[in-house]
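Peer 1: This is a predicted model, with the sequence first.
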Amino acid sequence: MTTGLRRSTVGFTLFMALVVPAVSIHGQVQGGSSARDIPTAVEQADEHVQKVITKAEDHFRKGKLNLEDNKRDQARDEFDHAVDTILESGLDVRASQRLQNFYLELVERIYRQEVPLGPGPLQPNVTELVAQNGATPQKIEPPQVGFSEQKFEPSPLDELSQLKLTREEENVSDADVVALEQAKQNVNFAFNTHPLVQQYINYYQGRGRSTMESGLRKSGQYMKMARQIFKEEGVPVDITWLGQVESAWKPKAMSWAAASGLWQFIPGTGRQYGLRQTAWVDERNSFEQATRASAKYLKDLANHYHGNWELAMAAYNTGQGNVDRAISRAGTANFWSIYPYIAQETRNYVPNILATILIAKNPEKYGFKGIRPEPAMAYDRVQVANATSLQLIAEATDTSVDHIKGLNPELRRDSTPRGEAYTVRVPGGKGQQFHALLKRIPSERRETARLISVAPGEDLQSVANRAGVSLAQLQALNGGVDLKSTNKVVVPRSGLNLTSMNWRRAKPGSEPAASGLTKVRARKGDTIARIAAARGLDANEVARLNGVTADVELRAGQEVRLPATAGAAPSRRR
């Protein structure tokens, strides 16, 4: 699905008079058009829900049988059909507690079929979405055994779809409409202006200001990449702002309908556009791959609607089949004409994107002054031949495991995939260093080996004592390595905590050297990248120092450690 700023429930009297029961929601649902009417009677709705559940359950059963016969491609097709049966049903999934519970349980069952739970280190780790005993679905964390903690963040669309505009926000003058016509001339695709777009601009200038400010800042990390890819795929580059509405630029955003990533793909559409989803990786959460898949999908939708990007964006959100049905009912292929016949979420989604684009194109005009986009993500790509632990990658590049996870959000485990070559991202400027150290470690040991630093003048025996291994083991792992020419050695992973040289060389009773640090308090909306940029520091270095990724939003008042050489922030910031 594609999450969008579906939050808003628009208060237009004219439209509300025309509104019919909303069609089903979540996006990126493929399917041809259908002329069938959406049932409206209560007695028909219950019967329709049962038919949809029965049909989806039948596809799931066929998928399970195919999986037992090791026909994985056919199994995935059936599982995708099971999910699409619900999303293309014409029913508002969240309006029926029974259907919503079934849907969430279905998604979980499919995941467990494709990535079965198992003992020991092969147990997958995802945030489960489970509806318990008919109650409101709850997020629960499965036991962690050998897997990284896959932390997902709520998709902004889930909240935005419930947004109610105030009367003040709905107040649009004739002058505002004229100004919209002028502003759209700066956008590089054609669309029809409408007072509803101004209403969302009003929202972002008021209650939604912090959301817009955060998006304008965070977009800097991904916008250069996204614009380049959209341009290559023939999609207007201004449509990249769809990413702000979909995920608020969070690679780990997940919606209620199991759509994931910057561009909020549901599993089936992700696979259709080449995004791998295995026990090791979920490329819906990747940077480049998911962005290119999003651009290709948008281009296909625009071609289907003869170049109408408003309809393409609507279909990206709610599915092509639902938009086709709405066009059939309205009798014309125009977003504002089909508005009464589409889900509330999609009614909010398209004008939200248009409002976001207009503000982003000229933020100061709309009162967003002095907002500096965060620097683009900087990373090198290095191919590893076999499974390589993220701990090893972090140690080889002088960073934290959290930072490596942040650079590789598609990885589901604490390691790159076993049994295949994989291109991993490492901090910018560290690619050659990582490659050189990796060459010293046999391919079959990269999942279990670690690297530790060697102090100037330290000998192998001292290192062996710290690592809790024998001298012979250490020599075998580092054959031919001259300690005079390296500051890192390979050691086996163990349950022991490796002793830090700072501790060993400190005087008894003293704390690890902290005199080289200073501390500041984060303000609302701050990230490591923002704090570092304000002081002219390297964001990656500050992120390593604090054990968090550079783009994670910090808690107000959270303590942030900085090198003591950091200059004071400009007075306007602190």
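Peer 2: Received, thanks.

Peer 1: Next, the buried residues of stretch 49-57.
Peer 2: Of all the residues in stretch 49-57, those buried under the rule 16 or more other C-beta atoms under 10 Å are 49, 52, 53, 56. C-beta here means a position set from N, CA and C on the backbone, and glycine is covered the same way.

Peer 1: before we move on, which element is the second one in?
Peer 2: Secondary structure assigned from DSSP states H and E places residue 52 in helix 42-68.

Peer 1: So which other helices or strands are in contact with that helix?
Peer 2: Where contact means 3 or more C-beta pairs under 8 Å, 6 or more residues apart in numbering; DSSP states H and E, helix 42-68 is packed against helix 72-87, helix 97-114.

Peer 1: quick one: the strands in the protein?
Peer 2: Under the criterion DSSP state E, strands of the chain are mapped to 8-9, 128-130, 138-140, 153-154, 163-164, 253-254, 379-384, 422-427, 449-453, 488-492, 517-521, 559-563.

Peer 1: count of residues packed around residue 228?
Peer 2: Using other C-beta atoms under 10 Å, residue 228 has 14 other residues around it.

Peer 1: Residue 436 too?
Peer 2: By other C-beta under 10 Å, the residues close to residue 436 number 11.

Peer 1: Same question for residue 375.
Peer 2: Other residues lying near residue 375 total 15 when counted by other C-beta under 10 Å.

Peer 1: I figured it hits residue 533, correct?
Peer 2: Yes: between residue 375 and residue 533 a contact is recorded at 6.6 Å, counting by C-beta atoms under 8 Å.

Peer 1: Can you work out which residues contact both of those two?
Peer 2: When C-beta atoms under 8 Å, 6 or more residues apart in numbering defines a contact, the residues bordering residue 375 and residue 533 alike are residue 539.

Peer 1: Pick out the residue closest to the middle of the protein.
Peer 2: residue 251 (2.1 Å; C-alpha atoms, centre = their mean).

Peer 1: Please name the residues that touch the residue nearest to that residue when sequence neighbours are not counted.
Peer 2: With sequence-adjacent residues excluded and distances taken as C-beta to C-beta, 6 or more residues apart in numbering, residue 251 is closest to residue 409, at 4.0 Å. By C-beta under 8 Å, 6+ apart, the contact set of residue 409 is 251, 252, 261, 285, 286, 287.

Peer 1: try residue 315
Peer 2: With contact taken as C-beta under 8 Å, 6+ apart, residue 315 is in contact with 27, 301, 304, 305, 322, 323.

Peer 1: any idea how far the third one lies from residue 327?
Peer 2: Think residue 304. Distance, residue 304 to residue 327, by C-beta to C-beta, to the nearest Å: 11 Å.

Peer 1: With the fourth one instead?
Peer 2: To residue 327, residue 305 is 9 Å away according to C-beta to C-beta.

Peer 1: Which neighbours do these two have in common?
Peer 2: 311, 333.

Peer 1: what's the average pLDDT for stretch 297-307?
Peer 2: Mean pLDDT, taken over the full extent of stretch 297-307, equals 98.

Peer 1: I misspoke; the intended subject was stretch 557-574.
Peer 2: Averaged across stretch 557-574, the pLDDT comes to 61.

Peer 1: same question, stretch 178-190
Peer 2: 95.

Peer 1: Can you point out the buried residues in that stretch?
Peer 2: Applying a neighbour-count criterion of 16+ other C-beta under 10 Å, one finds 179, 180, 183, 184, 187, 189 buried in stretch 178-190.

Peer 1: just checking, residue 153 touches residue 254?
Peer 2: Yes: here residue 153 lies in contact with residue 254, judged by C-beta under 8 Å, at a distance of 7.1 Å.

Peer 1: So for those two, which residue has more residues nearby?
Peer 2: Neighbour count, other C-beta under 10 Å: between residue 153 and residue 254, residue 254 has more, with 26 against 15.

Peer 1: one step back: columns pLDDT and distance to residue 415 on top of the buried residues of stretch 49-57, output as TSV?
Peer 2: As requested, those are arranged in TSV below (pLDDT from 0 to 100; distance: C-beta to C-beta, whole Å):
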residue	pLDDT	distance to residue 415
49	86	42
52	88	40
53	91	38
56	89	34
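
Peer 1: can you list these in CSV and add distance to residue 350?
Peer 2: As requested, those are arranged in CSV below (distance: C-beta to C-beta, whole Å):
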residue, distance to residue 350
49, 28
52, 26
53, 30
56, 28
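
Peer 1: Relative to residue 257, how far out is residue 276?
Peer 2: In this structure, residue 276 and residue 257 are 20 Å apart, going by C-beta to C-beta.

Peer 1: Between these two, which is the more surrounded one?
Peer 2: Per other C-beta under 10 Å, whichever of residue 276 and residue 257 has more neighbours is residue 257, with 29 against 15.

Peer 1: The more buried one reaches residue 86, doesn't it?
Peer 2: No: distance between residue 257 and residue 86: 9.1 Å, which falls outside the contact criterion (C-beta under 8 Å).

Peer 1: shared neighbours, these two?
Peer 2: Common neighbours of residue 257 and residue 86 (criterion: C-beta under 8 Å, 6+ apart): 93, 103.

Peer 1: Residue 532 and residue 429, how far apart?
Peer 2: Note on residue 532: its distance to residue 429, by C-beta to C-beta, is 15 Å.

Peer 1: which of the two has more neighbours?
Peer 2: It is residue 532, of residue 532 and residue 429, that has more neighbours when counted by other C-beta under 10 Å, with 23 against 13.

Peer 1: Pull the contacting residues for the nearest residue to that one once chain neighbours are set aside.
Peer 2: Once its chain neighbours are removed from consideration, residue 532 has its nearest residue in residue 539; the separation is 4.1 Å (C-beta to C-beta, 6+ apart). For residue 539, the contacting residues are 375, 528, 529, 532, 533, 550, by C-beta under 8 Å, 6+ apart.

Peer 1: cool, residue 194 as well?
Peer 2: In this structure, residue 194 makes contact with 180, 336, 351, judged by C-beta under 8 Å, 6+ apart.

Peer 1: Can you give me every residue that contacts the first one?
Peer 2: Neighbour list for residue 180: 193, 194, 197, 198, 358 [criterion: C-beta under 8 Å, 6+ apart].

Peer 1: From these, which land in helices?
Peer 2: Cross-referencing these against helices under DSSP state H gives 197, 198, 358.

Peer 1: ok, and the closest non-adjacent residue to the last one?
Peer 2: Translated: residue 358. Excluding the flanking residues, the one nearest residue 358 by C-beta to C-beta, 6+ apart is residue 183, at 5.1 Å.

Peer 1: would JSON lines of the contacts of residue 194 with distance to residue 555 be doable?
Peer 2: Conversion of those to JSON lines gives the following (distance: C-beta to C-beta, whole Å):
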{"residue": "180", "distance to residue 555": "38"}
{"residue": "336", "distance to residue 555": "42"}
{"residue": "351", "distance to residue 555": "32"}
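
Peer 1: So which of those is the closest to residue 395?
Peer 2: Using C-beta to C-beta, the shortest approach to residue 395 within the contacts of residue 194 belongs to residue 351, at 48.6 Å.

Peer 1: So that closest one is in contact with residue 200, correct?
Peer 2: Yes: at 5.4 Å, residue 351 counts as touching residue 200 under the criterion of C-beta under 8 Å.
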